[in-house]
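A.B. asks: whatever this is, show me its structure:
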Amino acid sequence: MEILACPLCKGDLVLNVQSKEDAEIITGTLYCKKCNEYYPIDEGIPNMLPPHLRE
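C.D. replies: Numbering: from 1, shown residues only. Okay, the predicted model is just below:
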């Protein structure tokens, strides 16, 4: 988490865990308070693409 930043504004991200296995986060979100944007975590992989580039 220390090296991750919002790709839009470079703000700090808040981790919200929905499910995990041992120490690995399987699903959840990363939230930027500065620009009010969420980045999904699916199958352990965070999708850090800006919202307009996601499917």
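A.B. asks: the residue in the chain sticking out farthest from the centre and residue 31, how far apart?
C.D. replies: Most distant from the centre of the chain: residue 22, at 18.9 Å, with distances by CA atoms, centre = their mean. Distance, residue 22 to residue 31, using CB to CB, to the nearest Å: 23 Å. From N, CA and C alone the C-beta is placed, and that goes for glycine too.
A.B. asks: start to end distance for stretch 7-26?
C.D. replies: Across its full length, stretch 7-26 reaches 21 Å between end residues, using CA to CA, to the nearest Å.
A.B. asks: can you check the pLDDT for residue 10?
C.D. replies: Note for residue 10: predicted pLDDT of 94.
A.B. asks: mean confidence score for stretch 42-55?
C.D. replies: Mean pLDDT, stretch 42-55: 89.
A.B. asks: show me how far it is from its chain's centre.
C.D. replies: Chain-centre distance of stretch 42-55: 8 Å, with CA atoms, centre = their mean, to the nearest Å.
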